[in-house]
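> what shape does this take:
(one chain, ligands or ions: 1)
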Amino acid sequence: MLATYARHDVTFVRGEGSWLFDADGVRYLDLLAGIAVVGLGHCHPAPLAAAERQLHALWHVSNLFWTEPMQQLAARLSERFGGAGAFFCNSGAEAVEASIKWARKATGRPGLVALERSFHGRTLGALAVTGQPAKRAAFEPLVPGASFARANDVASLAAAVGDDTAAILLEPIQGEGGIHPLSPEFLEAARSLADERGALLVLDEIQSGTGRTGSFFAWEQLGVRPDAVTLAKGLANGLPIGCLLVSDAAPAGLEPGDHGSTFGGNPVACAAACAVCDELTPALLENVRERGEQLALGLAGLPAVTEVRGRGLLLAAELDRPAAEVLEEALRHGLVVGSAGERVLRLTPPLTLTSDEAAQGLALLGEILA
Ligand SMILES: Cc1ncc(COP(=O)(O)O)c(C=O)c1O
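All right, here's what the predicted structure looks like:
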């Protein structure tokens, strides 16, 4: 393995719901879910059965042909969005790349406005719109045309958006940057600026989407309708998938030959994703909101926590100490949590987390932070 990750010294061999088991048989409560991916919990029977059925039927035919799972998934996502077309790929970064190409083609403009502290992926295009200089510096020059505004600062956004802007690209809740929600007023201003200046509004819901904040898309709770959305992470409960969804009301832009992906729309991943969509019922989304409130309230009362941010089950606790130490100590206590910055603890548990499991997690964190 090349050294792109500083891995913890644990090898997981099995997962079941909100629980993971390591090679020594030790059990861990998983409040990270593969960084906001395994939304239905490990080995959830619905995507498991759907993927298994598809594995016995058809694995791959290329995008020269139709398959049923890709059409069924596109229909489900279009219905959730309220009318949209889908491009399927295999990861979040690829979905962001697709959004950049779509926005440039649809507007004939090169400019991309993103936010400081944003994260959109590691490929050169996605990195070009990622507002974190430390992640970019070693890889310059990146794709040209990107500029950055400050989150929740309307004047800064207005100054960045011009006549050459193809797209404003925003995470409704900045995830890797530390779980910083955008205010409804800022999102509304972004929508108005895009409309006034002929740009497209793209929301990167790779982390905040697929039910994580208590609605299928985070934008549903924020009163702003984007021209396009990117999804990935939780869409197939852990099988690789990415998606660019373009509103039927927005310019289509892409034509045959403009973009593609050998594995995009893979039947097994799409079959699992259809099952995920079907499982994201109003009752499950209510559980996300309730467990989110339970965890946020509990976190706020813990020692060492100075601030709690986020929505639903996309949560962060700002700490008075380095998060890395807490993550290691948590593993020793049989708890998996994440970080999103030097002193930021990140919780992105399965959306199926029970009230008992949330209470167990809070009790363990209380011991660890004491
Ligand atoms: C908001 C957002 N966009 C894009 C990405 C990149 O996704 P991937 O790692 O699947 O390329 C991530 C991953 O963390 C993300 O959180």
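> okay, and residue 368 sits in which element?
Counting by DSSP states H and E, the element that carries residue 368 is helix 355-369.
> now that helix: buried residues?
Using 16 or more other C-beta atoms under 10 Å as the test for burial, helix 355-369 gives 357, 358, 360, 361, 362, 364, 365, 368, 369. (Each C-beta comes from the backbone N, C-alpha and C, glycine too.)
> what residues does the first one make contact with?
Shown here is residue 357, whose contacts under the criterion C-beta atoms under 8 Å, 6 or more residues apart in numbering are 18, 29, 349.
> next one: the host helix or strand of the second one to chain centre, how far?
Which is residue 29. Assigned by DSSP H and E, residue 29 belongs to strand 27-30. Offset of strand 27-30 from its chain centre (C-alpha atoms, centre = their mean, to the nearest Å): 22 Å.
> again with stretch 224-238
A distance of 7 Å separates the C-alpha centroid of stretch 224-238 from that of its chain, computed with C-alpha atoms, centre = their mean.
> likewise for stretch 159-178?
With C-alpha atoms, centre = their mean as the basis, stretch 159-178 stands 15 Å off its chain's centre.
> so for it, mean pLDDT?
Stretch 159-178 comes out with an average pLDDT of 98.
> is any part of it close to the ligand?
Yes - using C-beta under 6 Å from any ligand atom, stretch 159-178 reaches the ligand at 171, 175, 176.
> I'd assumed residue 119 was in contact with the second one.
I take that to be residue 175. Yes - Residue 175 is within contact range of residue 119, at 6.3 Å (criterion: C-beta atoms under 8 Å).
> common neighbours of these two, please.
Counting by C-beta under 8 Å, 6+ apart, nothing touches both residue 175 and residue 119.
> next one: residue 1 from residue 136, what distance?
For residue 1, the distance to residue 136 equals 24 Å [C-beta to C-beta, to the nearest Å].
> looking at those two, which has the bigger crowd around it?
residue 136 (16 against 5; other C-beta atoms under 10 Å).
> mind listing what that one touches?
127, 128, 130, 142.
> likewise for residue 64?
Residue 64 touches nothing, counting by C-beta under 8 Å, 6+ apart.
> cool, and residue 101?
Taking C-beta under 8 Å, 6+ apart, we find residue 101 in contact with 254, 258, 259.
> the ligand versus the second one, what's the distance?
I take that to be residue 258. According to C-beta to the nearest ligand atom, to the nearest Å, residue 258 stands 21 Å off from the ligand.
> ok, residue 283 next?
26 Å.
> again, but for residue 257
On the measure of C-beta to the nearest ligand atom, residue 257 and the ligand end up 24 Å apart.
> so what pLDDT did that residue get?
What the model reports as pLDDT for residue 257 is 96.
> could you tell me how many residues sit around it?
By other C-beta under 10 Å, 6 other residues sit near residue 257.
> let me see the contact set for the residue in the stretch 1-150 of the chain positioned nearest to the ligand.
Nearest residue of the stretch 1-150 of the chain to the ligand (C-beta to the nearest ligand atom) works out as residue 92 at 2.2 Å. Applying C-beta under 8 Å, 6+ apart to residue 92 gives the contacts 120, 121, 126, 204, 206, 207, 230, 232, 233, 242.
> ok, now how distant is residue 226 from residue 234?
From residue 226 over to residue 234 (counting by C-beta to C-beta), the distance is 18 Å.
> same question for residue 187.
21 Å.
> just checking, residue 160 touches residue 149?
Yes - counting by C-beta under 8 Å, residue 160 touches residue 149, with 4.3 Å between them.
> residues from the stretch 151-300 of the chain in reach of the ligand?
By C-beta under 6 Å from any ligand atom, the residues of the stretch 151-300 of the chain that approach the ligand are 171, 175, 176, 204, 206, 207, 232.
> now the third one, what's its secondary structure?
Put plainly, it is residue 176. With DSSP: H, G, I helix; E, B strand; the rest coil as the basis, residue 176 sits in coil.
> number of nearby residues for it?
The burial count for residue 176: 21, using other C-beta under 10 Å.
> cool, the first one as well?
Other residues near residue 171 come to 27 when the count uses other C-beta under 10 Å.
> just the second one next, same as before
Residues within reach of residue 175, counting by other C-beta under 10 Å, total 25.
> name all residues that make contact with it.
By C-beta under 8 Å, 6+ apart, the contact set of residue 175 is 36, 119, 206, 207, 208, 314, 340.
> my read: the last one touches residue 178, true?
So that's residue 340. Yes - at 5.0 Å, residue 340 and residue 178 qualify as touching, with contact defined as C-beta under 8 Å.
> list residues touching both of those two?
Common neighbours of residue 340 and residue 178 (C-beta under 8 Å, 6+ apart) are residue 316.
> what about the two, which has more around it?
Counted by other C-beta under 10 Å, residue 340 and residue 178 do not tie: residue 340 has more neighbours, with 26 against 19.
> distance-wise, check the more buried one relative to residue 130.
Relative to residue 130, and taking C-beta to C-beta, residue 340 is found at 14 Å.
> equivalent analysis for residue 355, please.
On the measure of C-beta to C-beta, residue 355 and residue 130 end up 36 Å apart.
> with residue 82 instead?
With C-beta to C-beta as the criterion, residue 82 and residue 130 are 29 Å apart.
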